[in-house]
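Colleague: Take a look and give me a structure for this.
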Amino acid sequence: MTGEVYLVDALGFFLQLWPCTLLCFVPFGEEKLKVKKRWIYLTLTVWVLAAAAIFPAVTHLPFTGTYLAFNLTANLYMLAAIALTVLAHSVIVRENIMKKLLVVYIIILYAALIYWLSNRFEKLMEPRFADWGGDIRAVYDPTYIMFYPASMATIFPVVFVFMRRSVASFLREIEPERMKREFHYASLSTAAFLALMMAADMTLDIYEGLSNFIVLFLVLNQALLYWMIFTSAVNRSREENALRAVEAQKLQYDRISQDMERAARLRHDMRHHWNYLYSLVEDGDVDKLGEYLSSLAEQTGHLENEVFCEDATLNALLQYYAGRARDDGIEYTVAARCGEMNVRPEDLTVIIGNVMENALRACLKVSGERRIDVAVGLFHGAFTLEVTNSCPGARIAKGFEPDSEGFLPAGAFLSTRNGGGHGMAAVADLAGVYSGTALFKYDPEAGTFTARVILSGV
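Modeller: Next up is the predicted model:
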């Protein structure tokens, strides 16, 4: 083995394996990894470099004298390196096994595409390197050394961005317990794809033109199939989440409505309470007076009498949450300027309810000052709600860019509740019904979370 052959085989091995090892970890955020991503990339690079340095020596051992033994040794060494990478991937990534395997399936497709393109490139460049190396055996032709850097400069960045954005987004939305059907389809199609690729590769020299067409068709067909499988899983997950959210919102709406009706009845009955209290004072019955006042205070714990705005539903909701906030020791301020609105009471209840429930829940986790500031009004025909509350922290997913004011969509925030929450998504969905928007912002310096909802044409 000459130094030239050693360099070509080592470099070819590294350039073929290294991009695939990096892509294994790209779709997963830092919260899903046991090690910082930069350390993973550095360790993988060192590992592949070490494996590449040993590769040429292994393929030229004495027992690899025949062509069959030579190729078998090279392939087994490559498979062993891939197996170790997949094993490291399964250990380091804290995610459901089905999601991790789906990522591996996509990388297999990427590797198949690179393999096919490199072979086509080799055929085109073969006349220029017909005399390279003479009879010396080498796993990689010098054409690979030209093709792999070119593919890493063109194809790899596209796949990298696709994995970091689209695939990562898919994985966040797909719930493992409801993706078994799609996972089975992906596994079977991957097995069939690999079998057909091997068959096509074995017939490459005999039916080169037909084989080229078949391989290209298989790669494109598999890419389309993966896209359909992922899209189906995400759509089904969204539909089921939407149904669960609607059921949860209905329960919440019923509960809040019942509380508001109770508050309305209490306000209506207040004059009867005052009459009875006055009679107890006249009779001088201090014991009964104390008992009755204690009972009345308990019944009206959430009753507030402020008039915030002219819209009855909105005013009742603001009163209700004023009582809830003050019962929990939370400073609560409201700046409201709106009259009657063309928003369905149940929709308004869901929007206000979700935003305020999240605000109350966040405030209860704060050890210092707790406050909720509500600004609501009609501006140029649009209903605008902005709620800012004390907040101890927020988990933000990767791949989202805030707007100029630092606001992000609902999907950018990861729920901290067991089983996940659907409140912000429900608010965003309802805002879309009214051709509006729902955006959210966490300010770590101020320790606040802001929800901004705009409904158009109300």
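Colleague: where in this structure is pLDDT low?
Modeller: Low-confidence segments of the chain (pLDDT under 70): 1, 125-137, 175-178, 201-212, 237-238, 240-274, 296-305, 416-422.
Colleague: Walk me through the domains of it.
Modeller: According to automatic domain parsing, the chain comprises the domains 3-173, 305-455.
Colleague: Excluding sequence neighbours, find me the nearest residue to the spatially most central residue of the chain.
Modeller: The residue lying closest to the centre of the chain (Cα atoms, centre = their mean) is R172, at 3.1 Å. Once flanking residues are discounted, R172 sits nearest to A397: 6.2 Å by Cβ to Cβ, 6 or more residues apart in numbering. All C-beta spots, glycine's among them, are computed from the backbone N, C-alpha and C.
Colleague: Isn't the one you found up against E173?
Modeller: No: assessed by Cβ atoms under 8 Å, A397 is found out of contact with E173, at 10.5 Å.
Colleague: still on that earlier bit, dump the domains of the chain to JSON lines, plus distance to M228.
Modeller: As requested, the domains of the chain are exported to JSON lines (distance: least, Cβ to Cβ, whole Å):
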{"stretch": "domain 3-173", "distance to M228": "12"}
{"stretch": "domain 305-455", "distance to M228": "22"}
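Colleague: so which of those domains gets nearest N275?
Modeller: Taking Cβ to Cβ, domain 305-455 is the member of those nearest to N275, at 18.4 Å.
Colleague: and the residue nearest to the centre of the chain, what helix or strand is that in?
Modeller: helix 168-173 (DSSP states H and E).
Colleague: And that helix, what does it pack against?
Modeller: Other helices and strands packing on helix 168-173, by 3 or more Cβ pairs under 8 Å, 6 or more residues apart in numbering; DSSP states H and E, are helix 97-125, helix 208-283.
Colleague: Now the first one: buried residues?
Modeller: What it means is helix 97-125. 98-114, 116-119, 121-122, 125 (16 or more other Cβ atoms under 10 Å).
Colleague: just to revisit the earlier point, to S294, which of the domains of the chain lies closest?
Modeller: Across those (criterion: Cβ to Cβ), the nearest stretch is domain 305-455, sitting at 16.0 Å.
Colleague: ok, which stretches of this protein are helices?
Modeller: For the chain, applying DSSP state H gives helices covering 3-23, 37-59, 67-92, 97-125, 142-162, 168-173, 180-202, 208-283, 286-299, 312-327, 345-364, 423-433.
Colleague: who does the fourth one touch, helix- and strand-wise?
Modeller: For helix 97-125, the packing partners by 3+ Cβ pairs under 8 Å, 6+ apart come out as helix 3-23, helix 67-92, helix 142-162, helix 168-173, helix 180-202, helix 208-283.
Colleague: closest one to R337 among those helices?
Modeller: Here helix 208-283 is closest among these (Cβ to Cβ), at 21.6 Å.
Colleague: I'd like to know how many residues surround the residue nearest to S390 when sequence neighbours are not counted.
Modeller: In space, and not counting its chain neighbours, S390 is closest to V366: 4.5 Å by Cβ to Cβ, 6+ apart. Residues lying near V366 (other Cβ atoms under 10 Å) number 17.
Colleague: Just put the helices of the chain in JSON lines and tack on distance to L385.
Modeller: Shown next, in JSON lines, are the helices of the chain (distance: least, Cβ to Cβ, whole Å):
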{"stretch": "helix 3-23", "distance to L385": "42"}
{"stretch": "helix 37-59", "distance to L385": "37"}
{"stretch": "helix 67-92", "distance to L385": "43"}
{"stretch": "helix 97-125", "distance to L385": "36"}
{"stretch": "helix 142-162", "distance to L385": "35"}
{"stretch": "helix 168-173", "distance to L385": "26"}
{"stretch": "helix 180-202", "distance to L385": "38"}
{"stretch": "helix 208-283", "distance to L385": "16"}
{"stretch": "helix 286-299", "distance to L385": "30"}
{"stretch": "helix 312-327", "distance to L385": "9"}
{"stretch": "helix 345-364", "distance to L385": "7"}
{"stretch": "helix 423-433", "distance to L385": "9"}
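Colleague: who wins for proximity to L414 among these?
Modeller: When those are compared by Cβ to Cβ, helix 168-173 sits nearest L414, at 8.1 Å.
Colleague: tell me how far the closest one is from the chain's mean position?
Modeller: Mean-position distance between helix 168-173 and its chain equals 4 Å (Cα atoms, centre = their mean, to the nearest Å).
Colleague: cool, stretch 433-449 as well?
Modeller: Distance, centroid of stretch 433-449 to centroid of chain: 18 Å (Cα atoms, centre = their mean).
Colleague: for stretch 330-341, same thing?
Modeller: On Cα atoms, centre = their mean, the centre of stretch 330-341 falls 34 Å from the chain's centre.
Colleague: pretty sure L15 is touching I145, no?
Modeller: Yes: if you go by Cβ under 8 Å, L15 and I145 touch, sitting 7.5 Å apart.
Colleague: Tell me which of these two has more neighbours.
Modeller: L15 (21 against 14).
Colleague: Return the residues in contact with the more buried one.
Modeller: Going by Cβ atoms under 8 Å, 6 or more residues apart in numbering, L15 touches 144-145, 148-149, 152.
Colleague: List buried members of these by neighbour count.
Modeller: Among those, those classed as buried by 16+ other Cβ under 10 Å are 144, 148.
Colleague: Just put the contacts of L15 in JSON lines and tack on distance to A200.
Modeller: Shown next, in JSON lines, are the contacts of L15 (distance: Cβ to Cβ, whole Å):
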{"residue": "Y144", "distance to A200": "20"}
{"residue": "I145", "distance to A200": "25"}
{"residue": "Y148", "distance to A200": "22"}
{"residue": "P149", "distance to A200": "26"}
{"residue": "M152", "distance to A200": "25"}
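Colleague: What is the nearest of the contacts of L15 to A425?
Modeller: M152 (38.1 Å).
Colleague: Next, the contact list for the residue nearest to S390, please.
Modeller: 390-392, 447.
Colleague: For PyMOL, write a command that selects the buried ones of those residues.
Modeller: Here is the PyMOL command that picks out the buried ones among the contacts of V366, judged by 16+ other Cβ under 10 Å:
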select buried, resi 390+391+447
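Colleague: Which members of the contacts of V366 are positioned in strands?
Modeller: Under the assignment DSSP state E, the contacts of V366 contribute S390 to strands.
Colleague: Make a markdown table out of the contacts of V366 and add distance to D429.
Modeller: What follows is the contacts of V366, written out as a markdown table (distance: Cβ to Cβ, whole Å):
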| residue | distance to D429 |
| --- | --- |
| S390 | 26 |
| C391 | 23 |
| P392 | 27 |
| G447 | 28 |
